[in-house]
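Colleague: quick one: sequence plus predicted model below, questions after.
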Amino acid sequence: MTAVSQTLSSVPFAPEGELLFNAIRDIVRDTLAPLTVKIDQGHYPAEVLRALGEAGAFRQHLATQNGRGEYDLVAALKAMDIVSQECMSTGFMMWAQDVVCWYIEMSDNDYLKQTLLPKLASGEALGGTALSNPMKYLAGIEPLLVTATETEEGFILNGSLPWISNLGPDHWFGSIFKVIGDHPRDVMAMVNTSWPGLELKQLAKFCGMEGTGTYALFFKDVFVPKNHVVGDPLTPYLKKMKAGFILLQTGMATGVIESCIRLCEDVEPKLGHVNCFLDDRPDELRVELEDAREAIAGLCEDPFNPDPEYIRTVLEARLLGGELVLKAANSAMLHTGANGYLHDAPAQRKLREAYFVAIVTPATKHLRKEIDAMASA
């Protein structure tokens with residue numbers, strides 16, 4: 001029996017289809033919605049994330065964990081979409097959780113697949129992505145900020161990373177670091193926030209997304225054992241997991257767009273006679289959203305396509321999500337008028353969430369830089 005089949009045989013049934021999505025809607029209604037404003041102001045919703053994990057939300061894209069042996073990114077995106085309609089901070093943390101699982105799923109590390117991955121997929125363990133700096137490094141935007149010396153047993157890490165989300169005590173994240181010494185190279189491994197020498201600090205207060213468990217990380221002689229490595233050599237590993245990493249972000253965008261359209265529709269009975277003079281009306285946005293969802297679903301059918309044209313199209317889909325969510329959130333503000341400007345109004349929160357989609361790595365400018373480089377190659 002192969003390692004994958006052994007893993008599959010021990011995986012509990014993961015609900016799919018409407019059974020899964022209805023369970024997620026119940027969690028959104030009963031557990032998340034009462035906390036949305038509180039989350040926006042700084043509450044980290046571990047209880048919501050664990051409930052979503054228990055429902056199966058973090059298993060759908062994992063062939064070794066969903067009991068079906070397939071990479072169902074579309075189901076993972078729909079789950080994230082449903083949650084992001086209510087609270088994109090939580091939707092963003094779902095993406096982080098999905099991706100930290102994806103790191104291990106895409107690796108050849110059977111040890112982590114047997115021990116850590118089931119805990120992350122079920123929500124028993126939580127974690128973040130920590131690839132903002134490495135992605136910018138790989139795109140030629142900034143230097144890699146964590147270095148390591150290699151020992152026989154592992155790596156000793158030093159450096160710092162700003163603004164890593166979905167973290168807290170005993171959380172996991174994937175770190176890329178530059179190995180210095182006799183065999184210099186870039187390596188990626190799974191790291192736990194509670195390991196000796198690793199410190200988390202909250203150094204900034206943001207205008208939104210405050211409940212996302214966002215910290216700066218400081219490494220001082222942090223030991224990472226070699227059985228926690230997921231990418232070495234790094235380049236083929238990154239090529240394998242890149243499309244899924246980026247596509248999984250689109251669920252945040254589509255969820256916020258959906259909620260913005262509904263905000264516009266909700267005020268039609270009262271304000272339709274004057275809102276009809278606005279641009280980007282809800283019916284127009286609906287057509288654009290459904291076209292985007294269809295295109296994303298098509299790209300999710302083959303997340304390991306090595307064709308550079310495929311990767312370029314994935315980047316363009318992610319860019320489209322960032323641009324369309326800004327358009328939809330701006331429309332929601334204009335359609336709801338002064339009521340959307342109230343302190344706890346959904347419309348102004350959606351506007352802040354939309355800007356986060358456009359800013360989070362890979363940001364709009366990052367995506368345009370990569371797409372331009374591919375077009376010039």
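Modeller: Perfect, I can see it now.
Colleague: can you pull up the most central residue in the protein?
Modeller: Centroid-nearest residue in the chain, with C-alpha atoms, centre = their mean: Trp95, separated by 2.6 Å.
Colleague: check contacts around that residue.
Modeller: 80, 129, 248-249, 251-252 (C-beta atoms under 8 Å, 6 or more residues apart in numbering). All C-beta atoms are positioned from the backbone trio N, CA, C, and that covers glycine.
Colleague: Leu49 now?
Modeller: Contacts here follow C-beta under 8 Å, 6+ apart; on that basis Leu49 touches 90, 93-94, 97, 123, 126, 166.
Colleague: so of the contacts of Trp95, which ones are in helices?
Modeller: Members of those lying in helices (criterion: DSSP state H): 80, 251-252.
Colleague: if you rank those by neighbours, which is first?
Modeller: Compared across the ones in helices among the contacts of Trp95, Met80 has the highest neighbour count, 32 neighbours, by other C-beta atoms under 10 Å.
Colleague: per-residue pLDDT of Ala14, please?
Modeller: Listed pLDDT for Ala14 reads 60.
Colleague: separation between Arg25 and Trp95?
Modeller: Separation of Arg25 from Trp95 (C-beta to C-beta, to the nearest Å): 19 Å.
Colleague: go on, Ala216?
Modeller: With the distance defined as C-beta to C-beta, Ala216 ends up 20 Å from Trp95.
Colleague: the residue of the chain most remote from its centre: what's it in contact with?
Modeller: In the chain, the residue that sits farthest from the middle, by C-alpha atoms, centre = their mean, is His273; the gap is 39.0 Å. Going by C-beta under 8 Å, 6+ apart, His273 touches no other residue.
Colleague: quick check, pLDDT for Asp344.
Modeller: What the model reports for Asp344 is a pLDDT of 87.
Colleague: not counting its neighbours along the chain, what's nearest it?
Modeller: Distances taken as C-beta to C-beta, 6 or more residues apart in numbering put Val37 closest to Asp344, at 5.4 Å, once the chain neighbours are dropped.
Colleague: count of neighbours near that neighbour?
Modeller: Using other C-beta under 10 Å, Val37 is surrounded by 15 other residues.
Colleague: still on that earlier bit, which of the contacts of Trp95 lies closest to Leu319?
Modeller: Gln249 (10.9 Å; C-beta to C-beta).
Colleague: on that earlier part again, which element is the residue farthest from the centre of the chain on?
Modeller: helix 268-275 (DSSP states H and E).
Colleague: centre of the chain to that helix, how far?
Modeller: Centroid displacement of helix 268-275 relative to its chain, using C-alpha atoms, centre = their mean, to the nearest Å, is 36 Å.
Colleague: likewise for stretch 158-174?
Modeller: Mean-position distance between stretch 158-174 and its chain equals 14 Å (C-alpha atoms, centre = their mean).
Colleague: quick one, helices of the stretch 1-150 of the chain?
Modeller: 3-9, 17-27, 36-40, 46-55, 73-86, 88-105, 110-115, 117-122, 132-138 (DSSP state H, counting those that start in this stretch).
Colleague: retrieve the pLDDT associated with the nearest residue to Asp280 once chain neighbours are set aside.
Modeller: Distances taken as C-beta to C-beta, 6+ apart place Ser331 nearest to Asp280, at 4.1 Å, with adjacent residues excluded. The score at Ser331 is 98. That number is its pLDDT.
Colleague: same check on the one 3 residues further on?
Modeller: pLDDT recorded at Leu334 is 97.
Colleague: so which strand or helix has it?
Modeller: Per DSSP H and E, Leu334 falls inside helix 308-336.
Colleague: residues contacting Leu145?
Modeller: Leu145 makes contacts with 133, 159-161, as judged by C-beta under 8 Å, 6+ apart.
Colleague: quick one, which of the helices of the stretch 1-150 of the chain is nearest to Ala338?
Modeller: Comparing these against Ala338 with C-beta to C-beta, the closest turns out to be helix 36-40 (18.9 Å).
Colleague: for the closest one, the distance to its chain's centre please.
Modeller: Distance, centroid of helix 36-40 to centroid of chain: 19 Å (C-alpha atoms, centre = their mean).
Colleague: counting by contacts, list what it packs against.
Modeller: Here helix 36-40 touches helix 88-105, going by 3 or more C-beta pairs under 8 Å, 6 or more residues apart in numbering; DSSP states H and E.
Colleague: same question for the helix it packs on, mean pLDDT?
Modeller: Summarised as a single mean, pLDDT over helix 88-105 is 97.
Colleague: okay, Lys136: pLDDT?
Modeller: The model's pLDDT for Lys136 equals 91.
Colleague: look up how far Pro134 lies from the closest residue to it other than its chain neighbours.
Modeller: Distances taken as C-beta to C-beta, 6+ apart place Glu142 nearest to Lys136, at 4.6 Å, with adjacent residues excluded. Between Glu142 and Pro134 the computed distance is 10 Å (C-beta to C-beta).
Colleague: mind checking which of those two has more residues around it?
Modeller: Set Glu142 next to Pro134 and count neighbours by other C-beta under 10 Å: Pro134 wins out with 25 against 12.
Colleague: mind listing what whichever helix or strand Lys178 is part of pairs with, with the direction of each?
Modeller: Using DSSP H and E, Lys178 sits in strand 172-180. As defined by DSSP bridges, the strand partners of strand 172-180 come to strand 127-128 (parallel), strand 146-150 (parallel), strand 185-192 (antiparallel).
Colleague: columns mean pLDDT, mean neighbour count and distance to Ala317 on top of the ones you listed, output as TSV?
Modeller: Shown next, in TSV, are the strands paired with strand 172-180 (pLDDT from 0 to 100; neighbours: other C-beta atoms under 10 Å; distance: least, C-beta to C-beta, whole Å):
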stretch	mean pLDDT	mean neighbour count	distance to Ala317
strand 127-128	96	28	23
strand 146-150	97	18	30
strand 185-192	98	21	24
